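S.K.: requesting a structural model of the entry that follows:
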Amino acid sequence: MANVINCTDVRVLAGERVLLDGLSLGIADGDAIGVVGRNGDGKSTLLKVLLGARVPDSGRVSLRGGASIGMLDQRDPGGDRKVGHVVLGGVAEHEWAGQRRVREVLTGLLGGLDAAGVGGLDAPMELLSGGQRRRVALAKILIDDPDLLLLDEPTNHLDVDGVAWLADHLRGRAERATGAMAVVTHDRWFLDAVVSTTWEVHDRTVDAYDGGYAAWVLARAERERVASATEDRRQNLLRKELAWLRRGPPARTSKPRFRIDAATALIADEPPARDSLALQRLAMARLGKDVVDLEDVTARVPVASGSRTLLDHVTWRLGPGDRVGVVGPNGVGKTTLLRLLTGDRAPDAGRVKRGKTLRPAMLSQDVAELDEVAHRRAVEAVADVAEVVNIGGKDVTASQLVEQLGFPKERAWTSVASLSGGERRRLQLLRLLLGGPNLLLLDEPTNDLDTDALAAMEDVLDGWAGTLVVVSHDRYLLERLCDRYLGVFPDGRVRDLPGGVEEYLAIRRVSASAPAGPVAPAQVPAGSSAAQARAARKDATRLERQIAKAEADITRLHDQLAAHATDAATVMRLDGELREVTAMRDELEEEWLAVMTVAEAAS
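M.R.: Numbering: from 1, shown residues only. Sure thing, here's the model as predicted:
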């Protein structure tokens with residue numbers, strides 16, 4: 001099969017700096033490629049070279065004759081046009097309404113515009129928020145359906161529901177092999193869910209790896225181990241990340257698969273992912289048995305017609321040492337919930353009870369708190385809070401802490417005003433931790449961070465022993481850092497999610513398919529009771545045992561495949577068994593999620 005596009009000996013300069021050098025690669029129909037790398041190494045530039053928007057300084061880029069190419073970049077569409085004209089190009093409704101693919105895109109990405117009161121396809125673009133304009137641009141490129149689809153940070157401004165829908169849509173496109181795509185993203189769950197090949201842009205070249213983010217972490221750690229090219233701190237961080245990937249959270253319905261022998265050799269003596277009983281402490285204040293209790297709390301926001309209820313008679317308890325991930329659609333009140341916990345916002349009704357020893361700190365989305373120290377250098381901004389801190393019985397200086405959070409020496413002495421968005425976010429997080437809070441609240445902390453910076457931030461938070469609440473659309477981050485999940489729903493309800501993000505998405509699917517009217521998410525069937533909840537949990541326990549047995553069988557079959565790699569007949573037989581066991585395991589996990597949803601709703 002001929003490639004859709006080819007690059008031959010491409011060289012790209014940015015001023016006097018060489019971004020890409022001697023690059024030769026191609027993309028074929030059915031390829032789903034994830035592009036990763038540090039900020040500034042040339043990921044977006046690579047997409048522009050493929051698009052033809054950036055002419056290489058040498059080398060050649062050739063597109064297959066008759067092939068179309070389209071790109072979603074990081075700019076939002078504006079102008080005075082209406083949404084329908086931007087997305088559909090003025091095509092009459094009777095022409096597109098009969099196309100299932102078009103209807104699915106419009107519903108999946110723009111279905112909330114009418115509910116938001118902006119007028120759906122008739123809404124003027126200037127009335128839309130940045131996130132809504134981003135969805136419009138994404139809908140247009142997906143409806144155009146070019147042969148080569150280039151996406152630069154497509155999950156920006158998408159909530160968990162939107163990311164899940166986009167992953168499903170792109171997986172279906174790749175399975176049909178009707179086109180190819182390359183996507184730049186820092187969303188690691190999205191990479192694992194969508195891509196079949198990962199390109200790492202680094203040191204003026206591109207290395208290709210089979211699989212998504214999990215496979216790339218393994219291959220990258222192995223490459224660095226063999227070459228001995230990085231210092232011990234970086235090696236330990238990669239091994240720790242890989243160790244967590246192997247363990248996997250219980251709520252994930254698909255877990256990364258590695259060659260067991262290679263992975264075992266690689267992560268021997270790796271540091272633990274997180275030890276909740278023996279965590280290092282960053283000069284933290286004592287936390288009593290009470291943290292924050294919300295008692296029948298209601299929160300409203302003013303709108304043109306009066307007010308809108310975000311949180312409706314919510315009762316919820318946050319306990320000491322809890323690590324909670326908060327999920328929900330955009331605009332339902334997740335940030336408001338954080339402000340209620342810190343005391344920056346008073347409830348419109350009900351009571352918020354806070355512990356006497358509570359010392360909260362919140363990382364906001366815009367990190368505006370750093371404007372006060374914009375004239376200071378990064379190290380000085382940290383030293384203003386604490387010049388030396390004791391971690392694990394050792395004194396650590398401000399410069400050492402800054403380096404631990406991913407600042408090279410030359411950036412550590414850069415003024416705060418000159419830092420990138422991701423660097424500002426990491427710097428403010430460190431300043432907050434040094435202030436000694438015992439309740440840390442993070443509002444979309446992954447914005448502007450590349451995968452290396454995310455791993456460094458997660459490593460720091462792994463060693464923090466207070467109560468943690470994270471609002472994020474990044475499923476990987478939530479599964480990595482949190483042990484408990486909370487869903488905030490459009491009807492003002494808040495509920496715990498024992499099944500994690502998958503349970504939240506299941507509830508949203510049920511709610512979306514329910515008839516119009518006052519139907520609550522995860523509505524309990526008539527006649528349900530505590531007895532029903534006990535029966536459901538008993539079924540869940542039975543399913544967990546069956547899932548554990550299936551996982552053990554999968555591990556055994558992987559071992560046997562590795563041991564008989566040169567015996568073709570045995571490999572074919574074992575591969576067939578592995579497929580059957582894997583399919584059975586996936587069905588059991590789906591059944592477990594459904595049972596847990598019923599159990600939680602009935603209790």
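S.K.: check which helix or strand residue 149 maps to.
M.R.: strand 148-152 (DSSP states H and E).
S.K.: just the CA trace of that strand, in CSV.
M.R.: Presented in CSV, the C-alpha positions along strand 148-152 are these (Å, rounded to 0.1, in the frame of the first residue of the first chain):
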residue,chain,number,x,y,z
LEU,A,148,-4.5,12.5,6.2
LEU,A,149,-5.8,14.0,9.4
LEU,A,150,-3.3,16.1,11.4
LEU,A,151,-4.4,17.1,15.0
ASP,A,152,-2.5,19.4,17.2
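S.K.: now do the helix or strand following it: which elements does it pack against?
M.R.: From strand 148-152 onward toward the C-terminus, using DSSP H and E, the following helix or strand is helix 160-176. For helix 160-176, the packing partners by 3 or more C-beta pairs under 8 Å, 6 or more residues apart in numbering; DSSP states H and E come out as strand 32-36, helix 100-110, helix 130-144, strand 180-184, helix 188-194, helix 500-513. No exception for glycine: its C-beta is placed from N, CA and C like everyone else's.
S.K.: repeat that for 7 Å
M.R.: When contacts are defined as 3 or more C-beta pairs under 7 Å, 6 or more residues apart in numbering; DSSP states H and E, helix 160-176 sits against helix 100-110, helix 188-194, helix 500-513.
S.K.: least reliable of those going by mean pLDDT?
M.R.: Among the helices and strands packed on helix 160-176, helix 500-513 carries the lowest mean pLDDT, a mean of 84.
S.K.: what are the buried residues along that helix?
M.R.: Going by neighbour count (16 or more other C-beta atoms under 10 Å), the buried part of helix 500-513 is 500-508, 510-511.
S.K.: ok, those vs residue 564, which is closest?
M.R.: residue 502 (34.6 Å; C-beta to C-beta).
S.K.: hang on, the closest one packs against residue 596?
M.R.: No - applying C-beta atoms under 7 Å, one finds residue 502 not in contact with residue 596, separated by 9.4 Å.
S.K.: hey, which helix or strand in this structure has the poorest pLDDT?
M.R.: Least confident helix or strand of the chain, by mean pLDDT, DSSP states H and E, is helix 260-266 with a mean of 51.
S.K.: helix or strand next in line after that one, which one?
M.R.: strand 292-303.
S.K.: run a quick neighbour tally on residue 327.
M.R.: 28 (other C-beta atoms under 10 Å).
S.K.: contact partners for it?
M.R.: 160, 485, 487, 501, 504 (C-beta atoms under 7 Å, 6 or more residues apart in numbering).
S.K.: surely the last one touches residue 486?
M.R.: Going back to what we said before, that points to residue 504. No - between residue 504 and residue 486 there is no contact under C-beta under 7 Å: 9.2 Å.
S.K.: need the residues touching each of those two.
M.R.: residue 497.
S.K.: residues touching the one residue sitting closest to the centre of the chain, list them.
M.R.: With distances taken as C-alpha atoms, centre = their mean, residue 474 lies nearest the centre of the chain, 2.1 Å away. Shown in contact with residue 474 (C-beta under 7 Å, 6+ apart): 187, 189, 446.
S.K.: scan these and report the most crowded one.
M.R.: Going by other C-beta under 10 Å, residue 187 tops the contacts of residue 474 with 28 neighbours.
S.K.: quick check, that one in contact with residue 154.
M.R.: No - using C-beta under 7 Å, residue 187 makes no contact with residue 154, being 8.7 Å away.
S.K.: before we move on, what SS does the closest residue to residue 59 other than its chain neighbours have?
M.R.: Once flanking residues are discounted, residue 59 sits nearest to residue 10: 3.6 Å by C-beta to C-beta, 6 or more residues apart in numbering. At residue 10 the chain is in strand, as set by DSSP: H, G, I helix; E, B strand; the rest coil.
S.K.: beta partners for residue 10?
M.R.: Beta bridges link residue 10 to residue 23 when assigned by DSSP bridges.
S.K.: neighbours of it, how many?
M.R.: Using other C-beta under 10 Å, residue 10 has 22 neighbouring residues.
S.K.: tell me the angle the helix or strand hosting residue 571 makes with helix 500-513.
M.R.: Element membership for residue 571, per DSSP H and E: helix 568-602. Put simply, helix 568-602 runs at 70 degrees to helix 500-513, going by axes from the mean of the first three to the mean of the last three C-alpha atoms, to 10 degrees.
S.K.: pLDDT of helix 568-602, averaged?
M.R.: Per-residue scores along helix 568-602 average to 77.
S.K.: so what does that helix touch, helix or strand wise?
M.R.: helix 500-513, helix 530-563.
S.K.: keeping just the C-alphas, turn the shortest one into PDB.
M.R.: It refers to helix 500-513. What follows is helix 500-513, C-alpha atoms only, in PDB (Å, rounded to 0.1, in the frame of the first residue of the first chain):
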ATOM      1  CA  GLY A 500     -13.800   5.500  38.500                       C
ATOM      2  CA  VAL A 501     -14.000   7.400  35.200                       C
ATOM      3  CA  GLU A 502     -15.500   4.400  33.400                       C
ATOM      4  CA  GLU A 503     -18.400   4.400  35.800                       C
ATOM      5  CA  TYR A 504     -18.900   8.200  35.300                       C
ATOM      6  CA  LEU A 505     -19.100   7.700  31.500                       C
ATOM      7  CA  ALA A 506     -21.500   4.800  31.900                       C
ATOM      8  CA  ILE A 507     -23.800   7.000  34.000                       C
ATOM      9  CA  ARG A 508     -23.600   9.800  31.400                       C
ATOM     10  CA  ARG A 509     -24.500   7.300  28.600                       C
ATOM     11  CA  VAL A 510     -27.500   6.200  30.600                       C
ATOM     12  CA  SER A 511     -28.500   9.800  31.300                       C
ATOM     13  CA  ALA A 512     -28.100  10.800  27.600                       C
ATOM     14  CA  SER A 513     -30.300   7.900  26.400                       C
END
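S.K.: format the helices and strands packed on helix 160-176 as JSON lines; extra columns: distance to residue 349.
M.R.: Converted to JSON lines, the helices and strands packed on helix 160-176 look like this (distance: least, C-beta to C-beta, whole Å):
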{"stretch": "helix 100-110", "distance to residue 349": "34"}
{"stretch": "helix 188-194", "distance to residue 349": "37"}
{"stretch": "helix 500-513", "distance to residue 349": "25"}
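S.K.: of the ones you listed, which is nearest residue 21?
M.R.: Relative to residue 21, the nearest member of these by C-beta to C-beta is helix 188-194, separated by 25.3 Å.
S.K.: how far is the closest one from where the chain is centred?
M.R.: 8 Å (C-alpha atoms, centre = their mean, to the nearest Å).
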